[in-house]
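Student: Pasting a predicted model and its sequence here:
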Amino acid sequence: MPIIPPMERDELISSWLDRTARFYDRPLQALLLGAAPRSAKPIELSEVDLGTAKGALRPVAALLGISIEHLAAHTIAAAYSWGLHLVARGTFVPDGHRSPRLRYAACPHCLERQRADRGISWLTRAWILAPRTVCSIHHVPLVEGHVGSISHPIWSDFLRRHRHSNRAVCAIAQAPSAPVTSWAGPPFADNEAAGLHRQMATIQDGILAGAAQETRRRGTVGEGRARVTYDLVWAFTRADRHYPDRLVYEAFASDLLDSPWHVAQRRRPGPVDFPTLSLHERHVLLATATVLTGPQSLRRQFCQSTGPWQADLATLHRRLKDDDRAELAGRQRKWNKVPESTI
C-alpha cells in the first residue's frame, strides 16, 4: 500500500488497521483477506493485538510495510507484558477461531478529544485491561464495543435518528445500522455518580500500577485501598456457600448500583474469571467494592447496609467456601497499608 496512516499513541493494532482500511475506503475484513496468504487461516484481530502468535503478525506487518519486530513492539504482550492476564476477553472460542475474542472498550469523550486534537480517533491498549472500567481522565464509564462500533453518546443518538447519515464522528465511529453499545447508568444524581467514578478511577489506577510493579517484586496487585478493592472483587466472583447457583457478589449487590432484574438475568454458578466478564459486570463489581471500602459518606449514598466495614467483611467470610475463605484470609494479611480511617 503506497500510504499508511501513522500509528497513534498507545493505539491498538486492530484500530490502526481499521483506520487504514477506512483511509482506502475498504472494509477491514477485505483488507485482512488480501493480506493473508490463500492457504493461511483468516487473521484474528485478537491474536494480532495480543501479539502472542507470530504467525498472525507476519501478514499484517507486510500489509503495513514494517518489520515484524516493529509491529511486535506495539502489541499488548510487549507494551503491557505485566497485564496479559488482565486483558478483558470472552469466555469461549468462536467457531473457526483459535482464541477467545477480546472485549474492546473506549471512553467516548476521549474519542472526541482525539478527533478535536488530531482529526481522527483510535482505541488505546489501556482500555482493554479488565480492571479499567472508568476513564482516568474524564471519570466516566467506558463503553464496550468492537473496532468500528463505538462513538460519543451524542453521535450515537444522532445516528439512531438519522440512519441514512454516513457522517462518522471518528475513524472508528458507530456504523448507522449497528446497535449502539452503551449503559444508561444507575439512577442517582450526577454529582454523586461523578464522586464515585473519581474514586473508582483512582483505585483502578492503583490496581494497574500494582500489577505493573508485580513484575519487579513479589506481592499482590495494588496498594492500600486499591489492594483491598481488588481482593473484594476476587471474592465477589467466587461461588456462594449457601446458594451454589450464584456468585457471592449477589449478597452485596446494591439496587442503587445494579438492577435486581439484571442481577437475576446474569445469575450463574461460581467461580468465574473476572477478565471474562462483560464491561458492565466488571464495572458494577468494582463500584460495589469501591463503596464498601469507602468512607461513610460514600457508603450512605450507595450501600443498602450502612453498618461498619467489619460487618461486611464478616458476611463475606460466611458466604465463601472453606478454600476461598482461606485464600481471602491470606490476602487480608497483606492489607497492612490500608489506613483504618478508610475502611
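Tutor: Looks like it arrived, so ask away.
Student: what are the ranges of the strands in the chain?
Tutor: 104-106, 143-145 (DSSP state E).
Student: just for the protein, where's the confidence low?
Tutor: 1, 36-40, 92-99, 146-190, 214-223, 304-306, 336-343 (pLDDT under 70).
Student: hmm, back to that, determine which stretch of the strands of the chain is the most buried.
Tutor: Each of these was scored by mean neighbour count; the highest is strand 104-106, a mean of 28, by mean count of other CB atoms under 10 Å. C-beta here means a position set from N, CA and C on the backbone, and glycine is covered the same way.
Student: Can you list the strands that that one pairs with?
Tutor: Applying DSSP bridges to the sheet, strand 104-106 is found paired with strand 143-145 (antiparallel).
Student: Kindly provide the distance from residue 145 to residue 108.
Tutor: 10 Å (CB to CB, to the nearest Å).
Student: Residue 290 reaches residue 201, doesn't it?
Tutor: No: Residue 290 lies out of contact with residue 201 (CB atoms under 8 Å); the separation is 9.9 Å.
Student: Who has more neighbours out of these two?
Tutor: residue 290 (26 against 20; other CB atoms under 10 Å).
Student: what's the nearest residue to the more buried one if we skip its chain neighbours?
Tutor: residue 200 (5.1 Å; CB to CB, 6 or more residues apart in numbering).
Student: Surely that neighbour and residue 136 touch.
Tutor: No: at 9.7 Å, residue 200 does not count as touching residue 136 under the criterion of CB under 8 Å.
Student: Those two: which has the busier surroundings?
Tutor: Just comparing residue 200 and residue 136: by other CB under 10 Å the higher neighbour count belongs to residue 200, 25 against 16.
Student: Contact partners for that one?
Tutor: Counting by CB atoms under 8 Å, 6 or more residues apart in numbering, residue 200 touches 133, 134, 286, 287, 290.
Student: can you do 7 Å?
Tutor: By CB atoms under 7 Å, 6 or more residues apart in numbering, the residues touching residue 200 are 134, 286, 287, 290.
Student: where's the first one relative to residue 282, distance?
Tutor: Summarising the geometry, the distance separating residue 134 from residue 282, computed by CB to CB, is 10 Å.
Student: sorry, back to before: and of the strands of the chain, who's closest to residue 57?
Tutor: strand 104-106 (18.8 Å; CB to CB).
Student: Spatially central residue for the chain, please.
Tutor: residue 130 (3.9 Å; CA atoms, centre = their mean).
Student: Identify the nearest residue to that one in space, disregarding sequence-adjacent positions?
Tutor: Nearest to residue 130 is residue 275, by CB to CB, 6+ apart, at 3.8 Å.
Student: Quick one: neighbours of the one you found, just the number.
Tutor: Other residues close to residue 275 by other CB under 10 Å number 22.
Student: For it, give me its contacts.
Tutor: Applying CB under 7 Å, 6+ apart, the residues contacting residue 275 are 86, 87, 88, 89, 130.
Student: And for the residue lying closest to the fourth one once chain neighbours are set aside, the neighbour number?
Tutor: Once its chain neighbours are removed from consideration, residue 89 has its nearest residue in residue 100; the separation is 4.7 Å (CB to CB, 6+ apart). For residue 100, the neighbour count with other CB under 10 Å is 16.
Student: ok, now the one 3 residues further on?
Tutor: Under the neighbour criterion other CB under 10 Å, residue 103 is assigned a count of 22.
Student: Thought residue 143 was touching it, still the case?
Tutor: No: taking contacts as CB atoms under 7 Å, residue 103 lies outside contact range of residue 143: 11.4 Å.
Student: can you pull out the helices in the stretch 1-150 of the chain?
Tutor: Along the stretch 1-150 of the chain, the stretches classed as helices by DSSP state H, counting those that start in this stretch are 13-23, 28-35, 45-50, 54-64, 68-72, 76-79, 108-118.
Student: roughly how far is the second one from the heart of the chain?
Tutor: Distance of helix 28-35 from its chain centroid, counting by CA atoms, centre = their mean, to the nearest Å, is 27 Å.
Student: for the third one, same thing?
Tutor: With CA atoms, centre = their mean as the basis, helix 45-50 stands 16 Å off its chain's centre.
Student: Which strands or helices does it pack on?
Tutor: helix 13-23, helix 54-64, helix 76-79 (3 or more CB pairs under 7 Å, 6 or more residues apart in numbering; DSSP states H and E).
Student: at 10 Å what do you get?
Tutor: Here helix 45-50 is seen to pack against helix 13-23, helix 28-35, helix 54-64, helix 76-79, strand 104-106 when contacts are counted using 3 or more CB pairs under 10 Å, 6 or more residues apart in numbering; DSSP states H and E.
Student: Go through the fourth one and flag the buried ones.
Tutor: Just to be clear, that refers to helix 76-79. 76, 77 (16 or more other CB atoms under 10 Å).
Student: And for that helix, what's in contact with it?
Tutor: 10, 12-13, 46, 48-53, 69, 71-73, 83-84, 86-87, 102, 125-126, 128-129 (CB atoms under 10 Å, 6 or more residues apart in numbering).
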